[in-house]
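Asks: Following is a predicted model, sequence given first.
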Amino acid sequence: MRWWVWMNTAGLVGCGGGGGSSLTETFTDIIAGGATAPALQVSPSIVDFGEVPFGGRIIQELIVENRGDEPLSVLWMETTLDLDVFSHNVRRGETFPLPLDPGETWSFELTYIAIEPNAGGDIQLRTHDEQVYVDVFGTTPSS
């Protein structure tokens, strides 16, 4: 997440917030990196299974991590993938919401079943603050 802050210091004179913190101090914390937030990251961010012979299967592990300074919850995961060609080991009712503390990881497996010439789509994971997409591709040569 990027923060763009335009400051007109004349406009900040006399502005104050509750609790002894001024607006100027708040902007200074953000610019200096003092602000904290959760940050969801999925690795790899692109899954290319490459060329897999017809009928073959290949598995890729995906790692979900909170790279931020605050806890987060992954609320849900959705996919546009054809589930006849791709499968995963995530059980919606048992997994979500998924709390992750700062630095904590969770992983799941994605399987490509090579029964179509070209297959792909994406996986989306959603928190309260962001949505992360993972692009997924697989290729099967024609027989």
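Replies: Now that the structure is in, tell me what you want to look at.
Asks: Averaged pLDDT, the helix or strand where residue 62 lies. What do you get?
Replies: Taking DSSP states H and E as the criterion, the element that holds residue 62 is strand 57-66. Averaged across strand 57-66, pLDDT comes to 98.
Asks: what comes into contact with that strand?
Replies: Strand 57-66 is contacted from outside by 38-44, 47, 49-50, 52, 72, 74, 98, 100-114, 123, 125, 134, 138, using Cβ atoms under 8 Å, 6 or more residues apart in numbering. C-betas here are computed from N, CA, C, even on glycine.
Asks: mind listing the strands in the protein by residue range?
Replies: 40-43, 46-51, 57-66, 72-74, 76-79, 86-88, 98-100, 105-113, 118-126, 131-139 (DSSP state E).
Asks: Make JSON lines out of these and add mean neighbour count.
Replies: Formatted as JSON lines, the strands of the chain follow (neighbours: other Cβ atoms under 10 Å):
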{"stretch": "strand 40-43", "mean neighbour count": "17"}
{"stretch": "strand 46-51", "mean neighbour count": "14"}
{"stretch": "strand 57-66", "mean neighbour count": "16"}
{"stretch": "strand 72-74", "mean neighbour count": "20"}
{"stretch": "strand 76-79", "mean neighbour count": "16"}
{"stretch": "strand 86-88", "mean neighbour count": "18"}
{"stretch": "strand 98-100", "mean neighbour count": "16"}
{"stretch": "strand 105-113", "mean neighbour count": "17"}
{"stretch": "strand 118-126", "mean neighbour count": "17"}
{"stretch": "strand 131-139", "mean neighbour count": "18"}
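Asks: pretty sure residue 121 contacts residue 81?
Replies: Yes: using Cβ atoms under 8 Å, residue 121 is in contact with residue 81, at 4.1 Å.
Asks: shared neighbours of the two, anything?
Replies: residue 136.
Asks: Strand partners (parallel or antiparallel) of the strand holding residue 62?
Replies: strand 40-43 (antiparallel), strand 105-113 (antiparallel) (DSSP bridges).
Asks: Make a markdown table out of those strands and add mean pLDDT and distance to residue 89.
Replies: Listed next are the strands paired with strand 57-66 as a markdown table, based on pLDDT from 0 to 100; distance: least, Cβ to Cβ, whole Å:
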| stretch | mean pLDDT | distance to residue 89 |
| --- | --- | --- |
| strand 40-43 | 96 | 15 |
| strand 105-113 | 97 | 5 |
